[in-house]
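Visitor: Based on what follows, work out the 3D shape:
(2 chains)
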Amino acid sequence: MKYLITIWLGKLIKVGLKLLGSGGSALPGLVVNKINRNFLIQFASRLKHGSILVTGTNGKTTTVGLLADIFDRAGYEVVVNRTGSNLSRGLISEFLDMVDWQGRVMADLAVLEVDEADLKNLLFELKTKTLLVTNLFRDQLDRYGELDSLQKLILTAVDDMPAGSKLVLNADDPLVYNLAESKNKGVEKVFFGLDVNKSEKISQTVLDVEKCVKCGNVLKYSGYFLAHLGDYRCDKCGFKRPILDYKVVDYDINNLDRIKIAIEAKGELIPLLVTNLPGLYNVYNVAGAVAVARAWGVENELIFESLQKFKPVFGRFEKLSVNNKNEMYLMLSKNPTGFNQLLDTVLTIESKLNLIFILNDNYADGRDVSWIWDVDFEKLDGRLNWLVVSGLRAQDMIVRMKYAGIDEKIMAHESNMAILIDDLIDMREEGTIFVMASYTGMMEFRSVLVKKGFLKEYWKEKK
Amino acid sequence: MGDFITICFLYSRSMNIYGDRGNVIALKKRVEWRGKDVVVEEYNIGDQYDFTKVDLFFFGGGQDQQQLAVAVDLKHVGEMIKDQIIKSKAAMLAICGGLQLMGKYYDPIDNDRIDGTGLFDLYTVGGKERFIGNVLARSDIGGEGQTLVGFENHSGRTYVNLEKNKPLAKVEYGRGNNGEDGTEGVVFHNAVGSYLHGSLLPKNPWLADWLIKKAFERKYGTYQLCELNDEVEHVAHQKAIDIARKVTRVTNISQKK
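Guide: Model prediction:
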């Protein structure tokens, strides 16, 4: 009965909020969690196929989006948290949409992104069948603490995974691969990664991992693919990248609107996959999603189709048109590795760039903005047409730009987003605009776009 | 090459979290903008390196595991670095883990004691609660009551022997060295230690210039640095002051409830 009352109350709050015109609020989850701590367990126990969880620093939201589309096409009734609301409050809010007033769950599988720090509790509560770990980079150290301790935290969560469940790991990341060291023998381990000759130049001066996770000796890399992701080995203790179950044997990332990938799975070559995503980091996201889908027995044909029709998720290279001339891409940029990857990706276009940076320091962004000094903005020198800086910590970003050698004549500060967007609409000049924003900065920028009619509210985009 | 200084980025590969390399970027740029030259070199564990040419050291923070390996290496090179600072007047900026390792020792809660070089007369013990937040402090080393802004994120409590070393600053908002005595950081000869990230120097250009001046003076005797246009730095500095004041006030109110 408590289960039903919880649902009614939660649903009523949601209806009320929608009438008030506010969406994506944490309030329903907050209230439900207060009156019924077991709601997540009660909901998840009604899911026929349990849940697939995705965790890691970067790529969670896109990977979950990919998986949701694939499993949906494969005939599952999927509940998913698409908006990046990955704390338990956000999950509850998503779940409320998938139960009717009698408490019946209208889904049989949950595909969810989960905060690294929340993983241990949720893994147990959500009847987890598969856990995918994308990568571990430094991110919001004020909230998550250091990488070492975060890795240990995830390891203890993996130790508790039920027998028969699957652990899908990005084995190019030594910190992630080390999770396979869990004493938990009942878990099936699946490894994915890159096996390509075109080893990229290290795009980042600051590497998060340089020591062997096991013995502390310096790790040797025969190739870096993306930051500290690569083909590594330790000469002292023998720790090395394992044989990959799913390996990307070729890719083409020279286009902002698609990537082409060839994946070899246990000897079988999965044909080139085309998606609406750019960048090497998305090669990893697709590889992870394919590994999970294949491990669940989804047909290649279905995977291929859903990847081809994939639409970028909230703020991940989301594309829109601001007037008849200009295209705009929205990109969430919240940690050094992610930001460097986005810069590398937009720098592949030939023309000079029009950029907007929005830097906030609210809790969801991370209170500490020091991390912008770990982003290699120096590579923008000479490549910019104009740059507008906004957000609560715009002043910090402007100082960073000055020290990166960016000409202040092409740079402007606009704290008011409505004015900023009006200026973009009135712009005579043609060209693509790239908006790189921290989490709450993206929310704010997007909400102004919604008000001006260029975007739908993201909670209305869900089917 | 005209007048130049040599900056040594200590343990650049292991001690580089929290964007602390921004300090090195700031030092380099502020020398170059004055038409002088600067050589930035990196020292990492096990390297062969001649410390006697260094005018300015930078030593940043790192993760616990990496800090251990660095402490072992410092047993071999720590004395050379200390000599260069004490006898040869080189300047230093040591942040967070760097500050702890240039002190006498760090005693974490759940691990063995880590020895430091003992350049600074201070020791650090682990604390349960982590001090995280914006900081506003006031320092006298560059003149009268200069404001210092940054972001702290540490569980270590550092206690400076105030009879031997001076604190870098007095905390106005935030926790500082230990959350008890109101001190932030340490100064000894031309070496400065601090818990503040941000990065510290780009937003506190007066401290960057203090270090640069000491570095040039080590090499060339009395030295005058020309003024730079620090308008954007000052705006960011002022913004950080406002944030530290506002954020701390809000926390205090909620604590009273």
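Visitor: can I get the CA coordinates of stretch B:232-247 in PDB?
Guide: C-alpha atoms of stretch B:232-247 as PDB (Å, rounded to 0.1, in the frame of the first residue of the first chain):
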ATOM      1  CA  VAL B 232      40.900  41.100 -16.300                       C
ATOM      2  CA  GLU B 233      42.800  39.500 -13.500                       C
ATOM      3  CA  HIS B 234      41.500  42.100 -11.000                       C
ATOM      4  CA  VAL B 235      37.900  41.600 -12.200                       C
ATOM      5  CA  ALA B 236      38.200  37.800 -11.600                       C
ATOM      6  CA  HIS B 237      39.900  38.400  -8.300                       C
ATOM      7  CA  GLN B 238      37.100  40.700  -7.200                       C
ATOM      8  CA  LYS B 239      34.500  38.200  -8.400                       C
ATOM      9  CA  ALA B 240      36.200  35.500  -6.300                       C
ATOM     10  CA  ILE B 241      36.100  37.800  -3.200                       C
ATOM     11  CA  ASP B 242      32.400  38.300  -3.700                       C
ATOM     12  CA  ILE B 243      31.800  34.600  -4.100                       C
ATOM     13  CA  ALA B 244      33.800  33.600  -1.100                       C
ATOM     14  CA  ARG B 245      32.000  36.200   1.100                       C
ATOM     15  CA  LYS B 246      28.500  35.200  -0.200                       C
ATOM     16  CA  VAL B 247      29.000  31.500  -0.200                       C
END
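Visitor: List the contacts of that stretch.
Guide: Where contact means C-beta atoms under 8 Å, 6 or more residues apart in numbering or on different chains, the residues beyond stretch B:232-247 that reach it are A:361, A:393, A:395-396, A:398-399, A:402, A:408, B:133-136, B:147, B:149-150, B:172-174, B:198, B:202-205. All C-beta spots, glycine's among them, are computed from the backbone N, C-alpha and C.
Visitor: Just the ones of these in helices?
Guide: A:395-396, A:398-399, A:402, B:202-203, B:205 (DSSP state H).
Visitor: most surrounded residue in these?
Guide: The most crowded member of the ones in helices among the contacts of stretch B:232-247, judged by other C-beta atoms under 10 Å in any protein chain shown, is B:K203 (30 neighbours).
Visitor: Now do the contacts for the closest residue to chain B within the stretch 51-200 of chain A.
Guide: Residue of the stretch 51-200 of chain A nearest chain B, by C-beta to the nearest C-beta: A:E146 (4.4 Å). When contacts are counted by C-beta under 8 Å, 6+ apart, A:E146 touches B:17, B:63-64.
Visitor: and if you look at A:D69?
Guide: Taking C-beta under 8 Å, 6+ apart, we find A:D69 in contact with A:306-307, A:309-310.
Visitor: any idea which element it lies in?
Guide: According to DSSP states H and E, A:D69 maps onto helix A:60-73.
Visitor: Tell me the first helix or strand C-terminal of that helix.
Guide: Taking DSSP H and E, what comes next after helix A:60-73 is strand A:78-80.
Visitor: so where is the chain shaky, pLDDT-wise?
Guide: If you meant another chain, say so; for now it's chain A. Counting by pLDDT under 70, chain A contains low-confidence ranges at A:21-25, A:82-86, A:140-145, A:198-207, A:272, A:456-463.
Visitor: think we crossed wires, I meant chain B
Guide: For chain B, applying pLDDT under 70 flags the ranges B:1, B:247-257.
Visitor: Contacts only, for A:L280.
Guide: Residues in contact with A:L280 (C-beta under 8 Å, 6+ apart) are A:200, A:225-226, A:251, A:253, A:341, A:344-345.
Visitor: Show me which of the residues you listed is closest to A:Y439.
Guide: Closest approach between the contacts of A:L280 and A:Y439, by C-beta to C-beta: A:Q341, at 16.6 Å.
Visitor: so that closest one touches A:L226, yeah?
Guide: Yes. Using C-beta atoms under 8 Å, A:Q341 makes contact with A:L226 at a distance of 6.8 Å.
Visitor: Near the closest residue to B:S194 other than its chain neighbours, how many other residues are there?
Guide: Excluding the flanking residues, the one nearest B:S194 by C-beta to C-beta, 6 or more residues apart in numbering or on different chains is B:G185, at 3.7 Å. Other residues lying near B:G185 total 31 when counted by other C-beta under 10 Å.
Visitor: which stretches of the stretch 351-463 of chain A form helices?
Guide: In the stretch 351-463 of chain A, the helices defined using DSSP state H, counting those that start in this stretch lie at A:394-403, A:417-426, A:439-451, A:458-461.
Visitor: hang on, isn't A:T128 packed against A:S51?
Guide: Yes. At 5.5 Å, A:T128 counts as touching A:S51 under the criterion of C-beta under 8 Å.
Visitor: got any residues that touch both of these two?
Guide: With C-beta under 8 Å, 6+ apart, A:T128 and A:S51 have no common neighbours.
Visitor: The residue in the stretch 301-450 of chain A that chain B sits nearest to: how many residues sit nearby?
Guide: Residue of the stretch 301-450 of chain A nearest chain B, by C-beta to the nearest C-beta: A:W373 (3.0 Å). Residues lying near A:W373 (other C-beta under 10 Å) number 28.
Visitor: For it, which non-adjacent residue is spatially closest?
Guide: Using C-beta to C-beta, 6+ apart and skipping the chain neighbours, the partner closest in space to A:W373 is B:G22 (3.0 Å).
Visitor: Validate this expectation: the one you found resides in a helix.
Guide: Yes. Per DSSP: H, G, I helix; E, B strand; the rest coil, B:G22 lies within a helix segment.
Visitor: Name all residues that make contact with it.
Guide: The contact partners of B:G22, taken as C-beta under 8 Å, 6+ apart, are A:370, A:373-374, A:400, A:403, B:198-202.
Visitor: With A:D159 instead?
Guide: By C-beta under 8 Å, 6+ apart, A:D159 lies in contact with A:182-184.
Visitor: mind exporting the longest helix along chain A as CSV, just the C-alpha atoms?
Guide: As assigned by DSSP H, the longest helix anywhere in chain A is helix A:2-19. Provided in CSV are the C-alpha atoms of helix A:2-19 (Å, rounded to 0.1, in the frame of the first residue of the first chain):
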residue,chain,number,x,y,z
LYS,A,2,2.9,2.3,0.8
TYR,A,3,4.1,1.6,-2.7
LEU,A,4,0.8,2.8,-4.2
ILE,A,5,0.6,5.9,-2.0
THR,A,6,4.1,6.8,-3.0
ILE,A,7,3.3,6.6,-6.6
TRP,A,8,0.1,8.6,-6.3
LEU,A,9,1.9,11.4,-4.4
GLY,A,10,4.8,11.4,-6.7
LYS,A,11,2.6,11.5,-9.8
LEU,A,12,0.5,14.3,-8.3
ILE,A,13,3.5,16.4,-7.7
LYS,A,14,4.7,15.8,-11.2
VAL,A,15,1.3,16.8,-12.7
GLY,A,16,1.3,19.9,-10.5
LEU,A,17,4.8,20.9,-11.6
LYS,A,18,3.9,20.5,-15.2
LEU,A,19,0.9,22.7,-14.8
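Visitor: for it, the distance to its chain's centre please.
Guide: Relative to the chain's own centre, helix A:2-19 is displaced by 29 Å; criterion: C-alpha atoms, centre = their mean, to the nearest Å.
Visitor: who does the helix or strand just after that helix touch, helix- and strand-wise?
Guide: Counting by DSSP H and E, the next helix or strand C-terminal to helix A:2-19 is helix A:27-35. Counting contacts by 3 or more C-beta pairs under 8 Å, 6 or more residues apart in numbering or on different chains; DSSP states H and E, helix A:27-35 is packed against helix A:2-19, helix A:88-96.
Visitor: ok so, going back, pull up the gap between the residue nearest to B:S194 and chain A, please.
Guide: Distance from B:G185 to chain A, counting by C-beta to the nearest C-beta, to the nearest Å: 16 Å.
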